[in-house]
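# 3D, please:
(one chain, ligands or ions: 2)
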Amino acid sequence: MSTTNPAPANLTLANPINTESTGWKIFSAFIDDTPLSLPEEVLWSYLSDELKLDTQAIPSECREHLPLILVAYMNIWSGWHFKSDFLEGKIPKDHYFQRFQKYMRYKLNIAIRGQFAVALKAVQEQQKMVAPIQIENKVDSEFSPFTIHIQCPANMLNTIVFSNVGDDIVMKQHLGGDWEELTITQLLNWPHVEVTFRNKDVCFVRRQRFEYLRYLNFLPHESKKHEESVIENVEILSNYGNQRQCFSYKFLQAYFNTYLEFLEKLVAPIKFNEIQTILTQFLEDVKYIDVNQRMVTNTTVLFRLSPMRFIRNKKLVKNSDNKLDSARVGYCEIISPQTELLLLYCKAEQTDTPYLSFEYIEELKKSNKTEAVIMPSIVYRCTFCNIRYNSPDSKQLMMQHLKAAHKMEQQVRCTFCKKHLNVLSLVANRWSHRCLQSQNSSTSRSVNSNSLVSSATSTSNDQNII
Ligand SMILES: [Zn+2]
Ligand SMILES: [Zn+2]
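Residues are numbered from 1 along each chain as shown. Ligands and ions are numbered 1, 2, ... in the order given. This is a model prediction of the structure:
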């Protein structure tokens, strides 16, 4: 029977699903679990034409991140939990689709209206959360056949434990310890901290690249294993084009001493202390690597700060813990402190005198340049979060980042002497401690020194000093 009355203003009837629309294509791809790739322009028109959003309101610096935000929100829509109900016909197609579109419109609207940076950060955090654990097929069958690779926000890193709940293994998070202020030495040897020092003569990068092996196991790990080699990897950088040059520890030390003597009169004591500590750590590294007491430019050297490995066995403690529970799952982290050092360049030319004299420093001494000009650039980076600080107060910003975004490191145990050790004292001493191992002269330093010095040319400066 036909009717002259207009159809009621029913949203579904008024907006039948346009199966050619981008929204429907995306929605269908999620329903069918099929991969879908769309050009960025299509995503933009999806926002403006289908979701009716004001895309002009997106700050220009944020535009490139838009696809990331879109895709992340599509992925995390809680409506996907009802997908099986939908597939069984319990939820009408148009209703389910409209809910998806409504969610996207709501989330993107919030993101666009001035909180784009907040949304981006939340989405990036979410992304890390999507697959918090990956099992890697890296076999170290000493305890567990698989290592687990944890992707999570920094503040979860030291707070994760695993527990049995019935037949399941579940991941839990505890509060973690309070942050304690770090000294500069502690900061420089803290996990994930990278520092780049640069003045006109010298530029080097020093970054902590600890190796973490994480296992689920049933017994406390009692490995006595320690590492034989100091140098783990040497990589020659080809992209800088400069010839590799070899500098002796004594030369570098003499240069830094002269430089510091000059700086001390000009910069505030706090800043001076920071610079001095960075240079001291660098020199300690060169001495410790001990490849003929030399360091080569254009070469990345990854070395073990400590021959010892450290371990954390974490077991969720419950009041009901008893002997019958001894087969409960534990979580074990094996930590090998490793540092990567890269002397990018060293142009410090000695003048031709019997006494040590460096041209640039002499030039600085004579000039009346201001503190701002002679100040080296010191850049910090958290390699875990990939956040970089390059302002004059970079050290404070780095400290603040660790305090705000990371959790305090928990105690570790030396795998050799079994002592429980506080990470704060380890980092103050470049991860060394009074260990049985260190009294044992068998600590081997089987360094493949040839790879480090071969093909590097020794400078005349170098020879002058030795
Ligand atoms: Zn971080
Ligand atoms: Zn020990």
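
# Now do the SS call for the residue of the stretch 251-400 of the chain found nearest ligand 2.
In the stretch 251-400 of the chain, the residue that lies nearest ligand 2 is Met308 (5.4 Å; C-beta to the ion). Where you see a C-beta, it was placed from the backbone N, CA and C, and this is true even at glycine. The three-state assignment at Met308 reads coil, by DSSP: H, G, I helix; E, B strand; the rest coil.

# okay, now it: neighbour count?
For Met308, the count of nearby residues is 28 (other C-beta atoms under 10 Å).

# Give me the contact list for the lengthiest strand in the chain.
Criterion DSSP state E: the longest strand present in the chain is strand 338-346. Applying C-beta atoms under 8 Å, 6 or more residues apart in numbering, the contact partners of strand 338-346 are 189, 201-211, 232, 237, 240, 242, 245, 247, 252, 255, 282, 285-286, 289, 295-305.

# now do 6 Å
Contact with strand 338-346 is made by 202-211, 247, 285, 295, 297, 300-302, 304-305, as judged by C-beta atoms under 6 Å, 6 or more residues apart in numbering.

# Separate out the buried members of those.
Buried members of the contacts of strand 338-346, scored by 16 or more other C-beta atoms under 10 Å, are 202-210, 247, 285, 295, 297, 300-302, 304-305.

# before we move on, the earlier item: adjacent strands (with direction) for the longest strand of the chain?
strand 202-208 (antiparallel), strand 299-304 (antiparallel) (DSSP bridges).

# partners of Glu340 in the sheet?
With DSSP bridges as the criterion, Glu340 is bridged to Arg207, Leu302.

# Can you report how many residues neighbour it?
Neighbours around Glu340, by other C-beta under 10 Å: 19.

# Next: Ile374.
19.

# Let's see the pLDDT reported for it.
Among the per-residue scores, Ile374 shows a pLDDT of 76.

# which non-adjacent residue is nearest the spatially most central residue of the chain?
In the chain, the C-alpha nearest the mean C-alpha coordinate belongs to Phe384, at 1.3 Å (C-alpha atoms, centre = their mean). Computed as C-beta to C-beta, 6 or more residues apart in numbering, the closest residue to Phe384 that is not its neighbour in sequence is His192, at 4.1 Å.

# gap between the one you found and ligand 2?
23 Å (C-beta to the ion, to the nearest Å).

# Return the residues in contact with Leu305.
337, 339, 430-431.

# meant to ask about Lys366
Taking C-beta under 6 Å, 6+ apart as the definition, Lys366 has no contacts.

# So which bits of the stretch 51-200 of the chain are right by ligand 1?
Ala154 (C-beta under 5 Å from the ion).

# In the stretch 51-200 of the chain, which residue sits closest to ligand 2?
Counting by C-beta to the ion, the stretch 51-200 of the chain gets nearest ligand 2 through Asn189, at 16.9 Å.

# which helices and strands does the helix or strand that contains Leu260 pack with?
Under the criterion of DSSP states H and E, Leu260 resides in helix 249-264. Where contact means 3 or more C-beta pairs under 6 Å, 6 or more residues apart in numbering; DSSP states H and E, helix 249-264 is packed against helix 269-289, helix 359-366, helix 460-465.

# any chance of the ones you listed in TSV, plus mean pLDDT and distance to Thr19?
Formatted as TSV, the helices and strands packed on helix 249-264 follow (pLDDT from 0 to 100; distance: least, C-beta to C-beta, whole Å):
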stretch	mean pLDDT	distance to Thr19
helix 269-289	95	62
helix 359-366	81	70
helix 460-465	34	73
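
# So for the helix holding Leu260, mean pLDDT?
On average, helix 249-264 scores 91.

# Flag every buried residue along it.
Buried, per 16+ other C-beta under 10 Å, within helix 249-264: 249, 251-256, 258-259, 262-263.

# quick check, nearest of those to Lys365?
Phe262 (6.0 Å; C-beta to C-beta).

# Distance of the closest residue in space to that closest one that isn't next to it in sequence relative to Lys250?
Spatial nearest neighbour of Phe262, excluding adjacent residues (C-beta to C-beta, 6+ apart): Ile361 at 5.5 Å. Separation of Ile361 from Lys250 (C-beta to C-beta, to the nearest Å) stands at 17 Å.

# got it, and Phe82?
Distance of Phe82 to Lys250, given as C-beta to C-beta: 71 Å.

# ok so, going back, what's near enough to touch the residue of the stretch 51-200 of the chain closest to ligand 2?
Residues in contact with Asn189 (C-beta under 6 Å, 6+ apart) are 427, 430.

# what's it sitting at in phi/psi?
phi -110, psi 10 (degrees, to the nearest 10).

# Next one: it from Thr280, what distance?
12 Å.

# what's the answer for His95, then?
Distance from His95 to Thr280, by C-beta to C-beta: 67 Å.

# Between the two, which is the more surrounded one?
A direct count of neighbours by other C-beta under 10 Å for His95 and Thr280 places Thr280 higher, at 16 against 12.

# Which residues are in contact with the more buried one?
Here Thr280 is in contact with no residue (C-beta under 6 Å, 6+ apart).

# Enumerate the positions of stretch 55-65 that are buried.
Neighbour-count burial for stretch 55-65 [16+ other C-beta under 10 Å]: 55, 58, 65.

# Adding secondary structure, write the residues you listed out as TSV.
Converted to TSV, those look like this (three-state DSSP):
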residue	secondary structure
Thr55	helix
Ile58	coil
His65	helix
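
# ok, so of those, who is nearest Pro16?
Thr55 (25.2 Å).
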